[in-house]
Each structure stands twice: as C-alpha cells, then as structure tokens.
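# everything below, folded, please.
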Amino acid sequence: MIVLIAVFISACSTTKYLAPGQKLYTGGEVKITDKENTTKGEAKALSAELTALLRPVPNATILGLRYKLWIYDKTKTNKRRGLKHYLNTHLGEPPVLISSVDLEKNASILQNRLQNESYFVAQVAGDTVSKKNSKVAKAVYSVQTGPAYHYRKIVFPQEKDDLDTAVTGTSKLSLLKVGDKYNLDVIKDERIRIDARLKEEGFFYFSPEDLIMKYDSTVAGHQVDMFVKVKASTPDEASWIYKIRNIYVYPKYTLKDTSAKLDSAVKYRWYNVIDPKKSVRPFTFKNTVLLHPGDIYNRTEHNNSLNRFIELGPFTYVKNRFEDVTPDSAFLDVYYYLTQAKRKALTAEIIARQTSANYDGTQVNFTFRNKNTFKGAELFNLTFFASTDKQFGSYNNGFNVYQFGVQPSISWPRFISPFNFSSDNAFIPRTMLTTGYTYIDRTQLYQLNSFTGSWGYQWKPNLHKQHTLDLLDVGYVDAANVSALYLDSIRHTRNPTLTHVINNQLTFGPSYSFTYDNSTEDFRTNSMYYQGKISLSAALYGLVTGADTLGGKVGKVFGTPFDQYVKLENEIRYFHKLGPNSKLATRLLVDVGIPYGNSTILPYSQQFFIGGPNSLRGFQARAIGPGSYYPPSSVTSASQFLPDESGDIKIEGNIEYRPKLFSIVEGALFVDAGNIWTMRSQYGLPGAAFGKNFLTQIAADAGFGLRFNLSVLILRTDFGFPILEPYEPPSQRRIIDGIDFRDAQYHGSNMVFNLAIGYPF
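Predicted coordinates for the structure are as follows:
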C-alpha cells in the first residue's frame, strides 16, 4: 500500500509541471530476444550489464517517489542566492525527458559492447514505449546477440631474441584461455599483465602499447585464433634489460632544489645520501632502499621502496627519477627525492561518549609527537589524558569515574635485535617501546594506580597479514586507597568480585598476536578478519620458583604476589555481500584464560567482560554473568552498586544484516549471544564456573539500529532487547517470552539504547 501511494504521489506531483507534449523518462529496458544463442542466465547477466550503459539516467527515486525532482519543482526561483536557490541547485534535479534519449547512440553503444564480448554479429534496435495520454515513457532495446566466438588457439611469439622470449615466457599465466569467449577487456588486461611481468625482469622501457594482439575470426565454427606479437615499431630500448648503477637519496628535498649536489653525497653501504643539513642519519634508509647496484631493474622492489619511504614517517611526499646513464649499455641511476613533514606536532582532542551502563563521559587528550627523534625516523609519542564518566538519571549513585595519566612510547623503523632480520616487501618492520601510567578514581569506592610497559616487534609480510611479538609485557595495578564503604560492602556481601577488583596485580611475560584482514577490499563478495593472540605471565619464573598458591607456596616479586596464567584470544569476522547495497556481517569470539601455579583466577585487568555497545547490545555493559550468576538482593542492597562482572572464559557470537537505506543512512538488524564464565568455582559466585551445561547459560538479544555514514566517521545508534537471560531458571528460560514491543513500560525497562562511533565489528 505504501509503495502504491508513493507511486501515485510521484505521478501526480512530478509530472504536472511538464510542458504540453513533454514526457518524463523512467528508464531503459534491455530485452535479449536471441534464445538460441544465450542461456537464461547469460541473458539475465547481459541485460543487467547493458542496462547500466544506458544514458541518460532517469530521475532518482525512493519507493517510486522522484524526491529530487519534487524538490526541484517546489524550489524553482529566479534568485541566485538564498535557501530556495541552494535547495534547487544542490538537492534538486531537473526532469529527465524522453526527448533527451538518443536511441540510435545507445543502440550503437550496446552493440559495440556486445561485439567486444564475443558477439561479433550482434544487432540492437531501440524504441520508446508509453501508454496513451501518459506523461511518462521508457526506452526498450531489443538485442539479437548472434553466436559467441571462442578461442581455438593462443599463439605467443616464436622468435628467439630476449624480448620475444620473455613475452613467450609469461604464457603459462596468460589470461587468454583456449575455449574462453573473446573479450576485449581481457585482451587489454593481458597486455598489462605481460608488461608487469617484463618490468620484473628488467625491461624498463617496455610498455603495453608495444604489444599487438591480432585475431582471426574466419575460422569455422565461430572460433577465433589469437596471435600475441611484439610490434615491429617497438624502440630498441624497450628490448634491453636494464641494471642499476648508482642510487641517490635526498632526505630534505624542496622544489627550490635545482642542483644535483652529487659532490656532497655521503656513501652508506650501497646507496648515497645527499643531505648537507644532516637532517637524517644515512643508516635510516638501509631497510628502505631495496634496489642495489648491479641488480636487474625490478618494478616490485622499486614500488616497495617507495612505499617504505612513506612508511618511515618523517616524509610526506616521495618522488623518484630514473636516468639512463650509458647509451651503449643498459644502466640506470636512481634518484629518490623526499619531502619532509613537520618534525614536531602538538595536538589536542576532546571526546564525548555515552555508554549503555548509563555513563556520560568526556576525555581530553594532549599529544606531543616527534617523527624524527634521534634523526633515524624514530617516532616518539607523549600523551597526557584526563577523563570523567558520570552516571545519570535513576542510576546516579555518585560512583563516578575519574582518570588521568600519561603514555610515552617510541617506535623504531627497524628491528633492534642481536639477530639480523631482513624483508623485502612494502612494509617497514618496527621495534616498539610503550609505557604508561593511569590513575583511576571511582568516587566513594577506591583509587587505583596502573603501570604498564612493553617491548616488542611488529611486522607485515603482506597487505593482509600482521604479526606482533612483545618479548616483555609488564602490568602492575596497586590499590592506592579503598573507602570504608567499599570494604563494608565486601564484608557484608562476601562477593569475591568486589575483592578481586582491588587486589594488587602483577603480570609479566611475552605475548604474540597474528592478524589477517582482507575486509577492506570492497570488490570481494566474501571477506574476513581474524585475530588470534596468546599471552603468558610468569611462566618461567613461576616454574623456577615452584609457585603453587593452592599448595600454600605463594611466589612473590619484590614482596608482591605475581599472577600466572596462559591466555588465548580468538576473534573471527566474516562478511558476505548480499547485493550492491546490503551485507551480512558475523563475528565469533572465543577467549580462554587459564590461571595456574600462583593464581586461581585471572587478574582483574586481564579478565573478559561482555555486554554494551560493541558486544551484547541488549544488555548493560559488564552486567552479564559470569555464567548464570546474578547478584542477589542482599548483595545489591548491601553494596549500593553493582560490580562489573568479569570472567576467565568468553564466548560470543553476533550476526547483523546491514542494508543501505538511502543517502548516508544505513540500517541494521542484529542478534547477539554469549556469556562469560570463571575457570573454577568461586565462593560467593554460584553458577559462575564453566561446565558441560554452558549452552543453557547463554544470554541473547536482538535489535535494530541506524548508521550515519559521514565519510570521516560512522555514527551508530542501536536499540537492543534481551530475549534470553542466563540467570533465569532453565524451566523459565524462553526465547521471546514476555516481549511486547507495543508496551511502553516494556520499552522503558528492557530496551537498551547504544550510541557509538564506528561499526560494532
């Protein structure tokens, strides 16, 4: 009914402004009439492809309403400024008339496309179709494809000179296959492929235009013989294999520099640095200049070098030049011109946030950055931050959270190690040192001092994969002050979670993570993201000292008990395109922390949480679990607040349908499920331990949301409703039980609103 009303409104309101005899163009239709030479699937695909070529494009519509044309008609004005003029010229769209459609030209374009795709004898005829007395019309194109022509054989050069031999050597990976349909676009891609392969073998001056692809379509049976040849007019330089002679790097280049300054070159190993002001130390580029004197020119190594120059950090632009230096033999001199960015920068950032745990917060960051700290492209960051998060409404008990801290870090664009690691891809390996201090004040309850530090390496073998190895990752949390109110809550409730929060925590050990991500490539129908991480704490030290807290032997470092555990984290995301404007997104998290030796439970800072805007969106953040545990009224009344629930094990799954609605607005329908558990039974937390009946303790929610794609960021709103609560008795646990979306009281007590930046996953 809504669609019919929209169409009716469209017909009435956007055609009445047309002049007599004018008709609005509603689009084109391509009909494949040749059933003998095309299958039903081929005809459908061809029709969709050809329809996309038709011009002009009709007026844009939503549910049949030509909204841009409607705006145009309603805002017509003779004024050159003002709101009406702006709406008319920026949001409005003039009518697209059937008289503007060139049937003959469109038919010629369609016929040409068909001939380029193997239908050499295709015929196309166009006509307009309109009902009597109607003010709209469409164009219909009838297509007789004729037979498709297929390759009978592909012939590469048979000559024996270097260039012909190299071209023939690429044939095993040819895009042209016997039996395939003739396709001009594939032929063009084949020329580009051959050129790219030859650029890896030193043919610096060769180009795709030096190849000619001749075909013979007179073969019987609608077949084609294809001949790949090097043009006779190809210049001699294109057949030479070039080598590298000298390499020069200019680290502080400006457009004012017109002199080569070769007399001031400082040689470092295989390249020369020309930097009279000594802004960068020469060794900086040893992981960047991948070409070497005497090497055969290789495009991949050259492009990887350019990418590495940018990845170094201090340089915003990189320009290169190759100079043919020896006319009688094939040698090149290579010049890299680097434009430096500002070395130092100071930035300020203000962040506003709102969480489903009923906290409104702000954070202020001040960051100082030096991109060339020791003149070796070292990146130094120093961040000072302060934040406040306050509860609001009926949840406001005064337990607000204030934080401030400092985070210094430095990154070297190379491995600092006694071992020699080298790589020749497009990505710079890095050594990283990070430290940090945070003071946390949860008013009326406790204050914590948190210290962190790590030393490790990061490297990427290719665009999709990344490795991070921290040889040492240290964390220490000290409860500086605990209020009497909080201590009384612990005594009255005997809730171990409350005690766990303020226990001193000391962790140290290595960690390793691996990331695979091809989800940024929009052309893929299916894409995925995976991150796995393993972390150890005090594995060797605990073994050496024989720490065993259950056996009464508690190991300490400088008088502080240390935490001992193995922690495994896994996250996989899978995305499937349902169409050009819709996607199905899924995520699975399986995280396990195994405390042992000196620990019976993970330290609070290393435990897992669930719920909130990026997790189970129908529940408050950190308010679910562990297991089927739910704080009894004796706990909530005695403590006056709910502790953040945490666990050693986490399982979570999410599925979300993401359609584009219109303009910058996207929609979402989602279902989330999961929970957290402790590894062992804990006194005061009945039902919290992971066991064989864990599936009966899964929490689930469903909901809907909107995303506003503002290019620079995604603003997200989600409305979630719990549909399965883990703390209900099994006999009463029912999906959708008691839900009434029409009931305002149900909305107020069950709906959770989430406002966030970016997609949840």
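# quick check: the gap between the most centrally placed residue in the chain and D424.
Against the mean C-alpha coordinate of the chain, by CA atoms, centre = their mean, the closest residue is T520 at 4.4 Å. From T520 across to D424, the span is 23 Å (CB to CB, to the nearest Å). (Glycine included, C-beta is placed from N, CA and C.)
# likewise for V186?
Distance of V186 to D424, computed by CB to CB: 31 Å.
# do V96 as well
Taking CB to CB, one finds V96 at 54 Å from D424.
# okay, those two: which has more neighbours?
Neighbour totals were compared for V96 and D424, and V96 leads with 19 against 12 (other CB atoms under 10 Å).
# need the pLDDT of that one.
If you check V96, the pLDDT there is 96.
# quick check, it in contact with R55.
No. Contact criterion CB atoms under 8 Å: V96 and R55 do not qualify, at 10.0 Å.
# ok, the nearest residue to A122 once chain neighbours are set aside - contacts?
Closest residue to A122 apart from its sequence neighbours, by CB to CB, 6 or more residues apart in numbering: L114 at 3.8 Å. L114 makes contacts with 46, 50, 122, 124, 143, 145, as judged by CB atoms under 8 Å, 6 or more residues apart in numbering.
# give me the mean pLDDT for the helix or strand harbouring L114.
For L114, the host element (DSSP states H and E) is helix 103-116. Regarding helix 103-116, the rounded mean pLDDT is 97.
# for that helix, buried residues please.
For helix 103-116, burial by neighbour count (16 or more other CB atoms under 10 Å) applies to 103, 106-107, 109-111, 113-116.
# and for stretch 139-149?
Neighbour-count burial for stretch 139-149 [16+ other CB under 10 Å]: 139, 141-149.
# residues contacting it, please?
Residues from elsewhere that reach stretch 139-149 (CB under 8 Å, 6+ apart): 25, 27-34, 37-38, 46, 50, 54, 98, 101, 103, 106-107, 110, 114, 118-129, 181-182, 217, 222-224.
# select only the buried ones of those residues in ChimeraX?
The ChimeraX selection below is limited to those of these classed as buried (16+ other CB under 10 Å):
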select :25,27,28,30,32,34,37,38,46,50,54,98,101,103,106,107,110,114,118,119,120,122,123,124,126,182,222,223,224
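# quick one: low-confidence residue ranges for the stretch 51-200 of the chain.
The model of the stretch 51-200 of the chain has no residue with pLDDT under 70.
# tell me where it has strands.
123-129, 136-144, 150-155 (DSSP state E, counting those that start in this stretch).
# distance to S605 added to those, as TSV?
Converted to TSV, the strands of the stretch 51-200 of the chain look like this (distance: least, CB to CB, whole Å):
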stretch	distance to S605
strand 123-129	69
strand 136-144	65
strand 150-155	63
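# Y529 is nearest to which of those?
strand 150-155 (39.0 Å; CB to CB).
# tell me which other helices or strands that closest one touches.
Judged by 3 or more CB pairs under 8 Å, 6 or more residues apart in numbering; DSSP states H and E, strand 150-155 is in contact with strand 223-230.
# direction included, what does the strand it packs on pair up with?
Strand pairing for strand 223-230, using DSSP bridges, gives strand 150-155 (parallel), strand 211-219 (antiparallel).
# looking at those, which is buried most?
Ranked by mean neighbour count, those are led by strand 150-155 with a mean of 17 (mean count of other CB atoms under 10 Å).
# outside of that one itself, list whatever touches it.
For strand 150-155, using CB under 8 Å, 6+ apart, the contacting residues are 118, 171, 174, 176-182, 219, 222-228.
# let's see that with 7 Å instead.
The contact list for strand 150-155 (CB atoms under 7 Å, 6 or more residues apart in numbering) reads 174, 176-182, 219, 223-228.
# out of the residues you listed, who's nearest R299?
Nearest member of the contacts of strand 150-155 to R299, counting by CB to CB, is S174, at 19.2 Å.
# any chance of the strands paired with strand 223-230 in JSON lines, plus distance to V474?
Output for the strands paired with strand 223-230, formatted as JSON lines (distance: least, CB to CB, whole Å):
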{"stretch": "strand 150-155", "distance to V474": "62"}
{"stretch": "strand 211-219", "distance to V474": "60"}
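# which of those sits closest to H576?
strand 150-155 (32.5 Å).
# from the chain's centroid, how far away is the closest one?
Computed by CA atoms, centre = their mean, to the nearest Å, the separation of strand 150-155 from the middle of its chain amounts to 41 Å.
# longest helix anywhere in the protein?
Assignment by DSSP state H gives helix 184-199 as the longest helix of the chain.
# same for that one, what does it pack against?
If you count contacts as 3 or more CB pairs under 7 Å, 6 or more residues apart in numbering; DSSP states H and E, helix 184-199 packs onto strand 211-219.
# mind redoing it with 10 Å?
helix 103-116, helix 162-169, strand 211-219, strand 223-230, helix 299-312 (3 or more CB pairs under 10 Å, 6 or more residues apart in numbering; DSSP states H and E).
# can I get the CA coordinates of the second one in CSV?
These are the backbone C-alpha positions of helix 162-169, laid out as CSV (Å, rounded to 0.1, in the frame of the first residue of the first chain):
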residue,chain,number,x,y,z
ASP,A,162,65.4,-11.6,-25.5
LEU,A,163,62.1,-9.6,-25.7
ASP,A,164,60.2,-12.2,-27.6
THR,A,165,61.5,-15.0,-25.4
ALA,A,166,60.5,-13.0,-22.3
VAL,A,167,57.0,-12.4,-23.7
THR,A,168,56.5,-16.1,-24.5
GLY,A,169,57.8,-16.9,-21.0
